[in-house]
Structure formats: C-alpha cells, structure tokens
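Student: Need coordinates for the below:
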Amino acid sequence: PPPPPPTCRAVISQLAAPQRTYGNSVTQTEGTITVPEGKPVLLNCTYKTSGSPVTFWYVQYPHEAPRLLLAEYEATDEEERKRRRGFSAKHERNPIAFHLNKNSSEVSDSAVYYCALSDTVTETQGGLTVGILRCLTLAERLTLYYLKG
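Tutor: Below is the predicted model of the structure:
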C-alpha cells in the first residue's frame, strides 16, 4: 500500500515546497512576474487528480502568514467578495485548470500566490452530505510584483 499522506498541518506549513497526495499534482507559473499597476494579470494553475478535489488560491503578503484568497465556489457574501480583492478564478476542463486573474492590478497585490488542490471525503451527518477537506496539494510558489505606474 502507498504511504499515508502528510497531515494537512504539515502540508500547509511547507507552502514553498511542491506537495503530492493521493496521486494529485498542481503546476503553476513559477518564479517572479512583474505587472504594471492597472494592467490585468493572469496566474496559471493546472492540476492532475484522481478524484473530485476542491481548488483554492492562497496569498502570502510580506511578513504575514499565507491566507485563503479564494476557493472554487462563487463568492456568496460581502465578506468573501472583499477578501478576494477583485481576483477571480474559474475551472477549465481541457487541460484541467483553475487560473487566477484580476482585471486591474494594484501595487498592494504584490505577494506570493499559491494554487492549492484538496482531496475531499464525503460523510453523511443526519441525512446531510458534507464534503470534508483532507489535505492540500500545493504548487511551487509564485511571487507577483506590481510596478507603480
């Protein structure tokens, strides 16, 4: 049998390293991208999976811990839309991708961005089916810098 996957805590604490769990892999643009302020930006993320994962983008601003930027589901409330800061992402099926984009970049968007993929487990609780996130599969880090125009 294959070795057990790392715990979610271990995966999240190693955001700068590529991770693989359950045969999943994530690939995104590597290195540094420089974008003039006010211009659109597109960060690529493709992935391979053997299941039905949930996809995410995380952002890490200078001197801060990584935090969730967005998940694959639509923003449903004002707090979530605010957290996204104008970024959006949607699935593409061929190749399987979850690219991050923003129509008009801002200097304050300068950060490290991570594309992440999660395995899910479905459980039934009182007749309700719940998807539970197990572990994240992370791509190589990408640093995004903006030039003030």
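Student: Can you name the next helix or strand after the helix or strand bottoming out on mean pLDDT in the chain?
Tutor: Lowest by mean pLDDT, DSSP states H and E among the helices and strands of the chain is helix 8-13, with a mean of 30. Next helix or strand after helix 8-13 toward the C-terminus (DSSP states H and E): strand 25-28.
Student: May I have the strands that pair with the following helix or strand past that following strand, each with its orientation?
Tutor: Of the helices and strands lying after strand 25-28 in sequence (DSSP H and E), the nearest is strand 31-36. Each strand paired with strand 31-36, and its direction, by DSSP bridges: strand 142-147 (parallel).
Student: and residue 129, what pLDDT?
Tutor: Residue 129 is assigned a pLDDT of 38 by the prediction.
Student: pLDDT weak spots in the protein?
Tutor: For the chain, applying pLDDT under 70 flags the ranges 1-23, 30, 73-77, 79-83, 119-149.
Student: just the strands in it please.
Tutor: Counting by DSSP state E, the segments of the chain that form strands are 25-28, 31-36, 41-43, 45-48, 54-60, 67-71, 88-93, 96-102, 111-125, 128-138, 142-147.
Student: Could you give me the buried positions within the shortest one?
Tutor: So the one you mean is strand 41-43. 41, 43 (16 or more other Cβ atoms under 10 Å). In this view, the C-beta of every residue, glycine as well, is placed from N, C-alpha and C.
Student: again with the fourth one
Tutor: By 16+ other Cβ under 10 Å, the buried positions in strand 45-48 come out as 45, 46, 47.
Student: Just list whatever residues bridge to the first one.
Tutor: Translated: residue 45. As for beta bridges, residue 45 partners with residue 28 under DSSP bridges.
Student: For it, which residues are in contact?
Tutor: Neighbour list for residue 45: 26, 27, 28, 55, 57, 89, 97, 98, 99, 100, 115, 139 [criterion: Cβ atoms under 8 Å, 6 or more residues apart in numbering].
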